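Chemist: Quick check, what structure comes out for this input:
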Amino acid sequence: MSLDDVSKWMGVFALMLSVGNVLWAWISRPARDLGTRVDKIEMSVEENDDQTLQELKKHDRRIQRVEDEIRHLPTKADVSRVENEITSVKTELAIVHRVVDRLDDFLRSKA
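Modeler: So this is what the prediction gives:
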């Protein structure tokens, strides 16, 4: 192998290396930009840590109040039971209404 052949192969190798480097820089750029944005957000969160903590506490209290109220609300079974009771009361009232109407008719016919 002559010096000319080695020089040609080194040129090809250098070209491939530089193309690979350009491709790597081009592909990895969004990741670097994203890393910079994440670092800025982390710094912002650290600066506003107390405020964020207070907001989270407020949020937790609101959720706790809703859970406490939901605990006291009737369930589907409770509502169904009340509906059945109301239906039975309506049925009994209809029977009483018919009896009262018959008594009224009877008393009016005798008067």
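Chemist: And the strand or helix carrying residue 109, what's buried?
Modeler: Assigned by DSSP states H and E, residue 109 belongs to helix 76-110. Within helix 76-110, no residue counts as buried by 16 or more other C-beta atoms under 10 Å. For every residue, glycine as well, the C-beta is placed using N, CA and C.
Chemist: Work out which residue lies at the spatial centre of the chain.
Modeler: Centre of the chain computed as the mean C-alpha position; nearest residue by C-alpha atoms, centre = their mean is residue 63, 13.2 Å away.
Chemist: and that residue, what pLDDT?
Modeler: Residue 63 carries a pLDDT value of 91.
Chemist: any idea how far it lies from residue 2?
Modeler: Computed as C-beta to C-beta, to the nearest Å, the residue 63 to residue 2 distance reads 79 Å.
Chemist: returning to that earlier point: point me to the helix or strand that includes the residue nearest to the centre of the chain.
Modeler: Here residue 63, judged by DSSP H and E, is contained in helix 49-72.
Chemist: Give the other helices and strands that that helix contacts.
Modeler: Applying 3 or more C-beta pairs under 8 Å, 6 or more residues apart in numbering; DSSP states H and E, we find helix 49-72 packed against no helix or strand.
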